[in-house]
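Need a 3D model of the sequence below.
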Amino acid sequence: MFSHYAKLLHEVKSSYFLYLQSLTLLLVTYIDWTLIPYITKLEGLYLPVFMISFFMLLGALDGIVQPLFKHIKIYNIYLFTIVLDIVQISAYVVIDYDIVVFTYLILSIFTIQAVTFEIARIHTVDFMQDEKIELKDYLMLRSFMISIAVVLGSLSAMLFDYMNLELKTILIYCTFLGLIAIVIQYKLYKKFKMKVYQNEIEIVKEKTNLFEKFR
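Here you go, the predicted structure:
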C-alpha cells in the first residue's frame, strides 16, 4: 500500500498542476477539520435542531446542484474558492461581536465550500488527459489527501483542546494557513485560465483548418 502511494506522490511532484491541487486540498481540508470540532460544539450550544438539520440538508445537495454548473469555467470555480476563503478569514473577527452569528457564518461557508470542491472535482477530470497519472490513481490520491488532512486536523483539534488554547488563538493559526491556501489557489486559477484559453485557441484553429480543408 505504502509503495503505491509513494509512486502516486512521486507523480504529483512531477506535475505542477497536481502539486498545487494536492496542496490546496490538503490545506483547506485541514483548516476545516481543525475547526469542525469547535464549530460542532458551538452548534450544540447555540443552534436549534431545525437549523442543524437545515445545514446538513444543504450539504447533501451537492449531487443535485452539480448539473447546474456543467458549463462553468473551472478557473471561475477557483476564483470563487478564493473569495470564499477571504470571506471565511474575515468571518473570524465576528467571534468578538456575536458568537451565534459567527457559528452561522462558518457553517454556511463550510457547506458552500464542500459543494464547490465537489464541482471542481468533476471539472478537473477534463484536464487529466494531459497528465501522466491515470484518472483512477488521481481520484485515489485525492481521497488519500483528504483522509490525511482530516486525520491531521482532528489530531490538531485534540492537541489544541489538551493545551486549553482559546478558539481565537486557533483562528489566528487558521488565518495564517488560509492566506497560504489563497496564494496557492490563485496560482491554480491562473494555470487553469491559461490552459482553458489555450484549449479554446486550439479548437478554433482546428475548426479553421477543417473549414479550409473543405472549401
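
Looking at the one residue sitting closest to the centre of the chain now. What's its pLDDT?
By Cα atoms, centre = their mean, the mean C-alpha position of the chain lies nearest to residue 117, the distance being 4.6 Å. Confidence per residue is given as pLDDT, and for residue 117 that number is 79.

On the three-state scheme, it is what?
On the three-state scheme (DSSP: H, G, I helix; E, B strand; the rest coil), residue 117 is labelled helix.

Next up, phi/psi of residue 71, please.
Backbone torsions for residue 71, taken as degrees, to the nearest 10, come to phi -100, psi 10.

quick one, what contacts it?
Contacts for residue 71 (Cβ atoms under 8 Å, 6 or more residues apart in numbering) come out as none. All C-beta atoms are positioned from the backbone trio N, CA, C, and that covers glycine.

for the residue nearest to the centre of the chain, what are its contacts?
25, 28, 81.

now residue 87
Residue 87 makes contact with residue 109, according to Cβ under 8 Å, 6+ apart.

Would you check how far apart it and residue 182 are?
With the distance defined as Cβ to Cβ, to the nearest Å, residue 87 ends up 11 Å from residue 182.

for the record, mean pLDDT for stretch 86-100?
Here the average pLDDT along stretch 86-100 is 91.

List the residues that contact residue 69.
Taking Cβ under 8 Å, 6+ apart, we find residue 69 in contact with 77, 119.

Low-confidence bits of the chain, can you list those?
Under the criterion pLDDT under 70, the flagged ranges of the chain are 1-15, 123-133, 135, 196-215.

which stretches of it form strands?
When assigned using DSSP state E, the chain turns out to have no strands.

follow-up on the earlier one: gap between the residue nearest to the centre of the chain and residue 163?
From residue 117 across to residue 163, the span is 30 Å (Cβ to Cβ).

now residue 43
Distance of residue 43 to residue 163, computed by Cβ to Cβ: 23 Å.

which one of the two has more residues nearby?
Comparing residue 43 with residue 163 by neighbour count (other Cβ atoms under 10 Å), the higher total belongs to residue 43, at 19 against 9.

got the contact list for that one?
For residue 43, the residues meeting the contact criterion (Cβ under 8 Å, 6+ apart) are 52, 103, 107.

got it, and residue 84?
Applying Cβ under 8 Å, 6+ apart as the definition, the contact partners of residue 84 turn out to be 109, 112, 113, 116.

mind listing what the second one touches?
Applying Cβ under 8 Å, 6+ apart, one finds that residue 112 lies in contact with residue 84.

My guess is residue 17 contacts residue 187. True?
No. Taking contacts as Cβ atoms under 8 Å, residue 17 lies outside contact range of residue 187: 10.0 Å.

And the helices in the chain?
Along the chain, the stretches classed as helices by DSSP state H are 2-13, 16-46, 49-59, 62-65, 74-91, 99-124, 135-162, 167-213.

what's the shortest one in contact with?
If I follow you right, that is helix 62-65. For helix 62-65, the external contacting residues (Cβ under 8 Å, 6+ apart) are 114, 115, 118, 119.

Pull up the gap between the third one and residue 153, please.
Put plainly, it is residue 118. When distances are taken as Cβ to Cβ, residue 118 and residue 153 turn out to be 19 Å apart.
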